[in-house]
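[1] This is the structure alone, sequence omitted:
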């Protein structure tokens with residue numbers, strides 16, 4: 001199930017981690033500096049988006065604009081979400097399973113609980129399916145909690161400098177497992193946990209995936225694991241999706 005992940009530079013990573021820790025420790029010791037720092041961080045985000053070519057390109061994307069003010073767009077995957085390099089998940093009509101493939105180095109995720117948490121606008125925007133790179137926030141406030149300890153959907157603040165400094169922009173799967181943000185599961189277990197197994201069990205049986213393993217977001221990892229969508233040039237992958245139909249098998 002694991003794919004080869006890019007090698008890291010341990011020396012540079014250690015240096016970056018030490019700098020981040022030092023800055024984060026400063027804000028822990030000097031809480032009065034948090035408020036002006038958070039304002040400065042928010043201003044810098046807007047400035048970069050407006051004044052740089054890459055920022056202006058990102059602003060053309062409605063997802064970027066929505067992130068600036070919409071809590072749903074700011075939240076990572078909710079508890080119970082599943083992801084993998086290729087993934088079977090409910091289609092938009094919730095009548096079958098879609099088999100979606102990510103390009104190398106990317107992941108596909110499906111968030112079962114997003115419409116219940118943020119309303120039906122999620123379905124209209126197609127915000128249950130995510131494809132992109134992994135990002136995580138191993139926040140000090142919850143990192144020592146147990147897997148079953150639910151993290152509040154509103155804990156993470158992307159405009160809080162102390163949270164931004166704890167962002168892991170290239171976590172490995174082993175990192176997410178060690179944080180307790182995800183666990184290995186099966187399609188059966190994952191769909192059962194959200195009360196949807198009976199609806200899709202015939203499709204799972206047809207595809208032979210009932211006991212196949214996927215990664216599932218734990219209560220502790222609620223909103224702290226992100227699949228960041230790619231911007232700019234899209235990688236071409238023409239055979240990325242197939243719909244599962246019991247009567248006829250797979251069709252493109």
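    Sure thing, it's come through. Remember, it's a predicted structure, so these values are computed and weren't measured experimentally.

[2] Was I right to think residue 80 contacts residue 216?
    Yes. With contacts counted by C-beta atoms under 8 Å, residue 80 reaches residue 216, the gap being 6.7 Å. C-betas here are computed from N, CA, C, even on glycine.

[3] if I look at those two, which residues touch both of them?
    Residues within reach of residue 80 and of residue 216 at once, by C-beta atoms under 8 Å, 6 or more residues apart in numbering, are 190, 193.

[4] Mind listing residues that contact the lengthiest strand in the chain?
    Ranked by residue count under DSSP state E, the longest strand found in the chain is strand 129-136. The set of residues external to strand 129-136 that reach it, using C-beta under 8 Å, 6+ apart, is 76-77, 83, 89, 100, 102, 105-111, 167-171, 175-176, 179, 181, 224-230.

[5] Mind giving me the ChimeraX select for those, buried ones only?
    In ChimeraX, a selection of the buried entries from these looks like this (16 or more other C-beta atoms under 10 Å):
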select :76,77,83,89,100,102,106,107,108,109,110,111,167,168,171,176,179,181,224,225,226,227,228
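
[6] how about the helices in the protein?
    For the chain, the helices defined by DSSP state H cover 10-29, 34-51, 53-59, 62-67, 71-74, 114-118, 121-125, 161-164, 173-179, 187-193, 197-207.

[7] Report the mean confidence score over the longest one.
    When pLDDT is averaged over helix 10-29, the result is 56.

[8] What average pLDDT does the longest strand of the chain get?
    With pLDDT averaged residue by residue, strand 129-136 scores 94.

[9] same question, stretch 172-183
    97.

[10] quick one: terminal-to-terminal distance for it?
    With C-alpha to C-alpha, to the nearest Å as the measure, stretch 172-183 spans 13 Å from end to end.

[11] Same question for stretch 149-169.
    Using C-alpha to C-alpha, the two ends of stretch 149-169 sit 24 Å apart.

[12] cool, stretch 209-222 as well?
    In stretch 209-222, first residue to last residue: 25 Å (C-alpha to C-alpha).

[13] and what of stretch 152-166?
    In stretch 152-166, first residue to last residue: 17 Å (C-alpha to C-alpha).

[14] now do stretch 100-119
    With C-alpha to C-alpha as the measure, stretch 100-119 spans 25 Å from end to end.

[15] Stretch 133-150 too?
    End-to-end span of stretch 133-150 (C-alpha to C-alpha): 24 Å.

[16] In that stretch, which residues are buried?
    Within stretch 133-150, the residues that count as buried by 16+ other C-beta under 10 Å are 133, 134, 135, 136, 137, 138, 139, 142.

[17] just to revisit the earlier point, so which of the contacts of strand 129-136 sit within strands?
    Those of the contacts of strand 129-136 lying in strands (DSSP E): 83, 89, 100, 107, 108, 109, 110, 225, 226, 227, 228.

[18] from those, which single one is nearest residue 71?
    residue 226 (14.2 Å; C-beta to C-beta).

[19] how much space is there between the closest one and residue 217?
    Residue 226 is 11 Å from residue 217, where distance means C-beta to C-beta, to the nearest Å.

[20] Can you pull the residues that touch both of those two?
    Residues touching both residue 226 and residue 217 (C-beta under 8 Å, 6+ apart) are residue 77.

[21] check contacts around residue 181.
    Residues near residue 181 by C-beta under 8 Å, 6+ apart: 136, 138, 217, 218, 220, 221, 224, 225.

[22] Ignore what I typed, I meant residue 212.
    Neighbours of residue 212 in contact, by C-beta under 8 Å, 6+ apart: 186, 187.
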